[in-house]
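**Q** Got a predicted model here, sequence first, then my questions.
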Amino acid sequence: MNNIGNRIRNLREQLGYSQENLALELGITQPSYARLEKQDERISIIRLIQIADILKTTVAELIGEKTQKVINQQNSESSHAYNVDTINTIINADKEHIATLKDEIMYLRNILDKEVV
């Protein structure tokens with residue numbers, strides 16, 4: 001199955017970029033970027049937009065939908081369902097990312113509280 005990480009890697013390689021190049025553009029380390037391609041970590045919509053910009057493509061293509069398919073579906077009844085599913089997928093991914101960030105904030109606050117006491 002061709003997942004988002006594989007699509008990103010394929011586009012990156014087609015453009016002749018290394019993982020280090022993209023990591024630098026994104027302001028992250030190469031190992032962090034490698035985890036994105038391996039999908040060891042969830043990719044937020046903001047990060048997908050950044051990657052799409054760097055790779056000169058669209059988020060729709062990164063998540064597996066060809067631009068032409070999206071255009072053709074705009075006039076069909078399935079267009080609405082497709083858009084709702086895509087939006088729900090993005091919302092769920094962002095909710096998971098937010099939950100992870102909240103956990104990290106709580107963890108860091110606990111560390112700070114212990115240092116202050």
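**A** Received the coordinates, thanks. Numbers count the residues shown, from 1 in each chain.

**Q** which one's the longest helix in the protein?
**A** Ranked by number of residues, the top helix in the chain under DSSP state H is helix 78-116.

**Q** If you count contacts, what does that helix end up packed against?
**A** helix 45-54, helix 67-73 (3 or more C-beta pairs under 8 Å, 6 or more residues apart in numbering; DSSP states H and E). Bear in mind the C-beta positions are built from the backbone N, C-alpha and C, glycine included.

**Q** Lowest average pLDDT across these?
**A** Ranked by mean pLDDT, the helices and strands packed on helix 78-116 bottom out at helix 67-73, which scores a mean of 48.

**Q** Let's see the pLDDT reported for S76.
**A** pLDDT for S76: 58.

**Q** cool, the one 10 residues further on as well?
**A** Among the per-residue scores, T86 shows a pLDDT of 81.

**Q** H97 too?
**A** 88.

**Q** Report how many residues lie close to it.
**A** 17 (other C-beta atoms under 10 Å).

**Q** For the residue nearest to it when sequence neighbours are not counted, give me phi and psi.
**A** Nearest non-adjacent residue to H97, counting by C-beta to C-beta, 6 or more residues apart in numbering: S44, 4.7 Å away. When read as degrees, to the nearest 10, the backbone of S44 gives phi -70, psi 160.

**Q** Pull up the gap between S44 and I111, please.
**A** 24 Å (C-beta to C-beta, to the nearest Å).

**Q** These two: which has the busier surroundings?
**A** S44 (17 against 10).

**Q** can you tell me which residues contact that one?
**A** Residues counted as contacts of S44 (C-beta atoms under 8 Å, 6 or more residues apart in numbering) are A93, D94, H97.

**Q** Test my guess that E37 contacts S18.
**A** No: with contact defined as C-beta atoms under 8 Å, E37 does not count as touching S18 (11.6 Å).

**Q** Looking at the two, which is more packed in?
**A** More neighbours surround E37 than the other of E37 and S18, with 20 against 12 (other C-beta under 10 Å).
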